[in-house]
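A.B. asks: next come a sequence and a model predicted from it.
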Amino acid sequence: MKATVDRGELLPDELVLELVNKRLQDDRARGEMGFILDGFPRTAAQAEALEVVAPISFALNLSLREDVLVEKCLGRRLCSKCGKNWNVANIYRAAGAGTPEIVMPPLNPPDECQGFMTVRSDDTEEVVRNRLSVYQAQAGPVEDFYSARGLLVQFPVTGGIPETMPRLLDVLAKYSRGGEKTTA
């Protein structure tokens with residue numbers, strides 16, 4: 001699995017569905033009332049198969065301009081000492097015709113981590129762009145799948161975690177009210 005992901009490719013649907021189904025069964029056995037899936041389903045076939053496993057209340061599509069996404073991926077760092085993730089990219093894009101301002105300051109590591117920063121092997125521009133190309137080719141049909149069912153919620157990302165998280169939590173709360181809800 002690691003070799004496939006390191007090349008920026010997707011795992012086979014059957015494997016991913018087996019893993020997701022097992023996890024959802026385990027969670028139900030522990031009394032969980034709902035779930036959030038991050039980055040899944042990635043194909044329309046996965047979305048169709050997921051409907052068989054669990055009812056979906058809404059699908060949240062987080063969107064970010066490709067140039068910003070590439071820069072953020074290339075800025076990711078991992079501390080080999082403490083294991084925490086950081087991001088050294090400092091991004092500012094002025095608002096333009098039809099595009100919002102994007103402000104994402106770096107999440108710099110503390111001094112004690114500075115000498116231990118590593119870059120993920122799959123965070124090269126070539127692999128990131130390949131991963132995005134694969135994603136874009138398959139994301140359209142997934143968006144269409146949930147849009148046709150009236151379940152797609154668009155969420156443009158325009159800031160870093162401190163600015164985005166409160167807005168994201170508000171959207172999640174809004175769409176998950178009213179009983180047992182699940183999110184893809």
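C.D. replies: Structure's in. What do you need?
A.B. asks: quickly find the element holding Pro55.
C.D. replies: Counting by DSSP states H and E, no helix or strand carries Pro55.
A.B. asks: report how many residues lie close to it.
C.D. replies: Other residues lying near Pro55 total 10 when counted by other Cβ atoms under 10 Å. All C-beta atoms are positioned from the backbone trio N, CA, C, and that covers glycine.
A.B. asks: roughly how far does it sit from Leu172?
C.D. replies: Distance of Pro55 to Leu172, given as Cβ to Cβ, to the nearest Å: 17 Å.
A.B. asks: now Lys81
C.D. replies: Plainly put, Lys81 is 33 Å away from Leu172 if you go by Cβ to Cβ.
A.B. asks: what do you get for Ile91?
C.D. replies: Here Ile91 is placed at a distance of 24 Å from Leu172 (Cβ to Cβ).
A.B. asks: which of these two has more neighbours?
C.D. replies: Ile91 (20 against 17).
A.B. asks: is it true that the more buried one touches Lys72?
C.D. replies: Yes: applying Cβ atoms under 8 Å, one finds Ile91 in contact with Lys72, separated by 6.9 Å.
A.B. asks: find residues that contact each of those two.
C.D. replies: Shared contacts of Ile91 and Lys72 (Cβ atoms under 8 Å, 6 or more residues apart in numbering): Met104.
A.B. asks: measure Ala94 to Pro100 for me?
C.D. replies: Relative to Pro100, and taking Cβ to Cβ, Ala94 is found at 10 Å.
A.B. asks: then Leu11?
C.D. replies: Plainly put, Leu11 is 33 Å away from Pro100 if you go by Cβ to Cβ.
A.B. asks: any idea which helix or strand comes after the strand or helix carrying Leu50?
C.D. replies: Per DSSP H and E, Leu50 falls inside helix 44-53. Scanning forward in sequence from helix 44-53 by DSSP H and E, the next helix or strand is strand 59-63.
A.B. asks: return the helix or strand that that following strand is followed by as PDB; C-alpha atoms alone will do.
C.D. replies: Per DSSP H and E, strand 59-63 leads on to helix 66-74 as the next helix or strand towards the C-terminus. The C-alpha coordinates for helix 66-74 follow below in PDB (Å, rounded to 0.1, in the frame of the first residue of the first chain):
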ATOM      1  CA  GLU A  66      -4.100  24.000  -7.100                       C
ATOM      2  CA  ASP A  67      -1.100  26.400  -6.900                       C
ATOM      3  CA  VAL A  68      -1.700  26.900  -3.200                       C
ATOM      4  CA  LEU A  69      -2.300  23.200  -2.600                       C
ATOM      5  CA  VAL A  70       1.000  22.300  -4.300                       C
ATOM      6  CA  GLU A  71       2.900  24.900  -2.200                       C
ATOM      7  CA  LYS A  72       1.300  23.600   1.000                       C
ATOM      8  CA  CYS A  73       2.200  20.000   0.200                       C
ATOM      9  CA  LEU A  74       5.800  21.000  -0.600                       C
END
